[in-house]
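Student: Pasted the sequence and its predicted model underneath.
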Amino acid sequence: LTVLSAGMRPPVDSKIVHEGWLMKRGEHIKNWRSRYFILFDDGTLLGFRQRPENGSYNDPLNDFTVKDCQLMKVDRPRPNTFIVRGLQWTTVIERTFNALSPEDRENWVNAIESVSQSLKHESGLPTQLEQRMKIADPSPRKVSLDDFILLKVLGKGTFGRVILAREKQTDQLFAIKILKKEVIIAKDEVAHTLTENRVLQKTKHPFLTSLKYSFQTSDRLCFVMEYACGGELFFHLQREKIFTEERTRFYGAEIVSALAYLHENNIVYRDIKLENLLLDREGHIKIADFGLCKEDISFGEKTKTFCGTPEYLAPEVLEDNDYGRGVDWWGTGVVMYEMMCGRLPFYNKDHEKLFEMILTETVKFPGKLSQEAKSLLSGLLMKDPNRRLGGGPEDAQEIMAHPFFEPIDWQALYEKRLVPPFRPEVQSDTDTSYFDQEFTRESVDFTPPAQFGTLSSISEIDEQPYFTQFSFHGNSAQRQSFHQFDDIMDAKIRKVQNMSDGSKKVDAGTKTSNGRWNSSPDRPCHIAEDSLLCSSNTLTNYRGFFTFSMILLVLSNLRVALENFIKYGLLINHKKILLDYVAHVNTFPVILVLLVSHLFIWTAFITEKLSLKNILSNRMVFMITFVNTSTILFFPAIIILASDINPLVASLCLMCYAILYLKLISYAHVNYWCRCDYFLKAKGGVTDFAPNANSSSHKSYPANLTIFNLYYFILAPTLCYELNYPRTKKIRKTFLLKRFLEVLFLPQVVFALCQQWIYPLMMNAVEPLKMMDYSRMLERMLKLAVPNIIIWLINFYFLFHSFLNFLGELLYFGDRGFYRDWWNAETSQYFWKSWNIPVHRWCVRHLYIPLLSRGYSKSFSNLLVFIVSAFFHEYLISIPMHIFRIWMFAGMLAQIPLNVLTTAVPKSHRIWGNFLVWLSIILGQPLIILMYFHDWYVDHQISRMTPASAKSATCVPNEPFC
């Protein structure tokens, strides 16, 4: 057995035994990477990205020794694979390689075995393993774990734990990162650990974690760092879901300031992520974990190690290219995107798919982001590192000068004169409420116990070559300096004040190296703390209650469904609906209306063609378009009112005509803008408006004026016309099949729910409405609210996700942003902006902005948009039902005061804004439905019956209110 990754270079007189290409599997990210390996006769095995030239073996990507190793030949996960196994510290580890052929594998195995055997026989000295397993000199040093009282576990990872500790001499709190040497060696992280130690020692910046001491015991490495009581930024974002742009700007500025300092010192950080960003007590950023830093990287210098966190890796790292400081700005863009959008820009559980997304897909931004934020994120997440914001010689200055950071005073930021947007609320110095309770509840005892001696630090003389000269003291050699004395006195004063006001918690005691309690012989197990459900406790993890609520919700709805089935039996009968439709529904008007719609399309097309030839003036085009589009609204309404058509079929028909109306308005607007620009350029003698002959897919005016182009727009899942839409490269057959099955299946589910659940409720709601029995009306409305919201959600998914994606996939339509996260809407305005993106875009582009350009105010323009929307909602309901009420119109206008109310909710309580939005949907819809149904039922059903049949028609047998 041997110790791999010994970090050795071959002596000058070493000879090459074997060399060639191998695939090496990563230890953390399990993907394969092609490397050129060279085996020397001293046992050194070096791996390079390319074959070294002129015998230069500097900066290898892999550096192993195969002395006393074991070899295994396997054919999984790939054929021709072999494993080199060795002992690192006290742990057996493996490195996996894949050869090009069986013969190549055999050559490598034989070469490694021959070198290993020759080294074993030629040396009579103790083996390398024996030397490194030797217990080091246990002589005590000035700083050790015995100098601290270990309080709580703050975090835990593969290599060790981070523990909150109080220094006995100064009474100051520190976060001690305690790492196991054997794991560091086994995971090939020695170089990264030593780099972190060096970087921490030589850097000092207000937004970087500072190092107080570093020392080692016989089996552990310890970093004593300043304690950031605010916890990880990941913790806060997970709790709040999303940060405002103002808060993101502040955190982003402090990150940029810290990274600029590192870059000025020729250090690349390489691991920016939310888990490495901490908040101190004042709310300022503290960047931690410098293990992946790379030193001596100035502008133009490159490195090539494949390392980092998968979701944050820059494209140039994934492409196996040399990279420089630009990877830090990519990581900054990812974390700022997370803060403002609440999610990663690219994510997939499968790392291969994730890497493909990072390399090929474009970043998509929520519509609510400001233009400055989108511009900044687009610049930081530029895939080409040379074009990336901050990728030039100016480095961070390019980012600092961006308009997004215009409000930031960078000098005041550095001096911490800017007030943070959030300050952690901690009850005492040892309050760890911003850390995961999964860790803070753990025992601080070492498991397994230290097996090589006490917790005291060891002498580094003759220590294993990995960790020589590891120790560091943040002070000067004279620990009792005047500054230190002041710190001690201040700490003692604070201690006295804390004890006097009773805020100091009881210390439960810690264990010494012999396992005995050092604070009291009775081994106390109690601490002073409030109960979890008290308002003074800052617990935020109530996932169990959420699980309980979901179970309760499911059980309650199952009970209602069972009660419905017991009362009415099985009412679902799709066959009866189909037969009734064929037998009683007058289909001729519907067919007529749909056929006539093509006349309006051709009228719009011919009008544009004639206007291009100057046969029609712009005024005539406007008049024809106005008449044409107005007829689109009136013609189907007249046909439906004059015919006896099923209300559902009539409403669908009117919806098609309303969509056609909006599309042709957009078609006329866009062509008018293009036509004006076309004639303006022609008048000025400019000829570059002609279509590009080298681009068959890209269209420019007037090449877009074809009937095929117009019909494509009519069928496309959008209401806004463009000359060139984003297009997909191919049809995803599996995706298309899923959407097709949803389009077939979901309407059946809706019909079934309406027959089984809605119909009995509606029938039994007529009598309370006629009698104006308000208590029973309220009961009916609440009973209708649940099935209505379920059906509404299914219809939303059916229309905006299943049907529009199905249509978009067939037409290669690339923009699938049909909706945003309306379910998180904290204001009514955001709900209407995000739940129906095609309509919202049309209103902004063809109504709101034109009104503003004509000098109207924003409030008037918003009001007019709501009035137009209210008109169309009433249009789609009143005309099919042959009744003219204003319930839907009034309901839409009621969104205006609701928006005022939800906007007035303070930002710290925006959850109540979301509550009001959902409440208006859940209760407003069933109220309007009951009002329309009552009027329609009375006018069209009971009026046609005899008095006896009318009386019996208002209820369903076995219903309590029948």
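Tutor: Okay, I see it.
Student: tell me the contacts of residue 705?
Tutor: 605, 608, 609, 612, 671 (CB atoms under 8 Å, 6 or more residues apart in numbering). In short, each C-beta sits where N, CA and C put it, glycine included.
Student: swap the cut-off to 7 Å and go again
Tutor: 608, 609, 612 (CB atoms under 7 Å, 6 or more residues apart in numbering).
Student: possible to save those as JSON lines with secondary structure, distance to residue 55 and pLDDT?
Tutor: Converted to JSON lines, the contacts of residue 705 look like this (DSSP: H, G, I helix; E, B strand; the rest coil; distance: CB to CB, whole Å; pLDDT from 0 to 100):
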{"residue": "608", "secondary structure": "helix", "distance to residue 55": "72", "pLDDT": "92"}
{"residue": "609", "secondary structure": "helix", "distance to residue 55": "74", "pLDDT": "91"}
{"residue": "612", "secondary structure": "helix", "distance to residue 55": "72", "pLDDT": "89"}
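Student: Switch the residues you listed over to a markdown table; also include neighbour count and distance to residue 148.
Tutor: A markdown table is the format used below for the contacts of residue 705 (neighbours: other CB atoms under 10 Å; distance: CB to CB, whole Å):
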| residue | neighbour count | distance to residue 148 |
| --- | --- | --- |
| 608 | 23 | 80 |
| 609 | 15 | 84 |
| 612 | 17 | 83 |
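Student: Please report how far the residue sitting nearest the centre point of the chain lies from residue 434.
Tutor: With distances taken as CA atoms, centre = their mean, the residue of the chain nearest its centroid is residue 343 (1.2 Å). Distance, residue 343 to residue 434, using CB to CB, to the nearest Å: 22 Å.
Student: Give me the domain ranges for the protein.
Tutor: 16-133, 145-229+426-484, 245-414, 585-715, 730-952 (automatic domain parsing).
Student: Measure how far the shortest one is from the centre of its chain, please.
Tutor: Relative to the centre of its chain, domain 16-133 is centred 40 Å away, using CA atoms, centre = their mean, to the nearest Å.
Student: Check stretch 635-644 too.
Tutor: 49 Å.
Student: Now do the buried residues in that stretch.
Tutor: Residues of stretch 635-644 classed as buried under the neighbour-count rule (16 or more other CB atoms under 10 Å) are 635, 636, 637, 639, 640.
Student: Next: stretch 735-755.
Tutor: 739, 742, 743, 746, 750, 753, 754, 755.
Student: Could you tell me how many residues sit around residue 633?
Tutor: When neighbours are counted by other CB atoms under 10 Å, residue 633 registers 16.
Student: My guess is it contacts residue 659. True?
Tutor: No. The pair residue 633 and residue 659 fails to qualify as a contact (CB atoms under 7 Å) at a distance of 11.7 Å.
Student: ok, so of the buried residues of stretch 735-755, who is nearest residue 57?
Tutor: Taking CB to CB as the measure, residue 57 lies nearest residue 739 of the buried residues of stretch 735-755, at 56.0 Å.
Student: Check what pLDDT that closest one gets.
Tutor: At residue 739, the pLDDT value in this model is 92.
Student: so how far is the helix or strand harbouring it off the chain centroid?
Tutor: Taking DSSP states H and E as the criterion, residue 739 maps to helix 733-753. The chain centroid and the centroid of helix 733-753 are separated by 28 Å, computed with CA atoms, centre = their mean.
Student: For that helix, name the packing helices and strands.
Tutor: helix 574-584, helix 774-796, helix 804-810 (3 or more CB pairs under 7 Å, 6 or more residues apart in numbering; DSSP states H and E).
Student: Where does confidence bottom out across the buried residues of stretch 735-755?
Tutor: For pLDDT, the smallest value among the buried residues of stretch 735-755 belongs to residue 755: 84.
Student: Thank you, goodbye.
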